[in-house]
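Novice: Structure, please.
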Amino acid sequence: MRRHCAWHSCVTVASSSATSDPASARNFGKASIGVSVAGIIVTIIIVIIVVIVAVTSCPYCYNGRRYHHRDYVGPYDICIGKIVGNYCYY
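Specialist: Presented below is the predicted three-dimensional model:
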């Protein structure tokens with residue numbers, strides 16, 4: 001490898017006598033495929049976990065119906081949704 005520098009930048013250039021190493025290249029190829037497959041598997045697992053958490057968590061559910069908000073309205077207040085135990089679900 002030769003190094004050429006001009007002004008404040010340097011470039012490393014491979015010499016013409018450099019040869020490739022097929023065994024090393026094959027090992028790097030196998031490692032690259034392994035890392036790619038592991039990344040895909042981890043991504044699939046994370047997506048599955050996120051979907052399960054999103055589907056099973058329901059902070060404001062009543063009788064199997066999902067509500068987006070819950071406010072305390074007291075016993076005599078008006079609610080546009082469903083009143084359960086002094087709370088308005090809407």
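Novice: what's the distance between the host helix or strand of A25 and the middle of its chain?
Specialist: Taking DSSP states H and E as the criterion, A25 maps to helix 22-56. Computed by CA atoms, centre = their mean, to the nearest Å, the chain-centroid distance of helix 22-56 equals 12 Å.
Novice: Other residues contacting the following helix or strand past it?
Specialist: Toward the C-terminus, helix 22-56 is succeeded by strand 61-62 as the next helix or strand (DSSP H and E). Strand 61-62 is touched from outside by 67, 82, 84, 89, with contacts defined as CB atoms under 8 Å, 6 or more residues apart in numbering. All C-beta atoms are positioned from the backbone trio N, CA, C, and that covers glycine.
Novice: at 7 Å instead, please
Specialist: 82, 84, 89 (CB atoms under 7 Å, 6 or more residues apart in numbering).
Novice: Now restrict these to buried residues only.
Specialist: Using 16 or more other CB atoms under 10 Å as the burial test, the contacts of strand 61-62 include Y89 as buried.
Novice: Next step: the contacts of strand 61-62 restricted to strands.
Specialist: 82, 84, 89 (DSSP state E).
Novice: between these, which is closest to I45?
Specialist: Among the ones in strands among the contacts of strand 61-62, Y89 lies closest to I45 (CB to CB), at 33.8 Å.
Novice: beta partners for that closest one?
Specialist: R70, K82 (DSSP bridges).
Novice: ok, it touching V73?
Specialist: No: between Y89 and V73 there is no contact under CB atoms under 7 Å: 10.1 Å.
Novice: low pLDDT regions in the protein?
Specialist: Scanning the chain with the threshold set as pLDDT under 70 gives 1-19.
Novice: How is it partitioned into domains?
Specialist: 21-57, 60-90 (automatic domain parsing).
Novice: Show me which residues of the last one are buried.
Specialist: What that stands for is domain 60-90. Neighbour-count burial for domain 60-90, with 16+ other CB under 10 Å as criterion, is recorded at 67, 70, 81, 83, 87-89.
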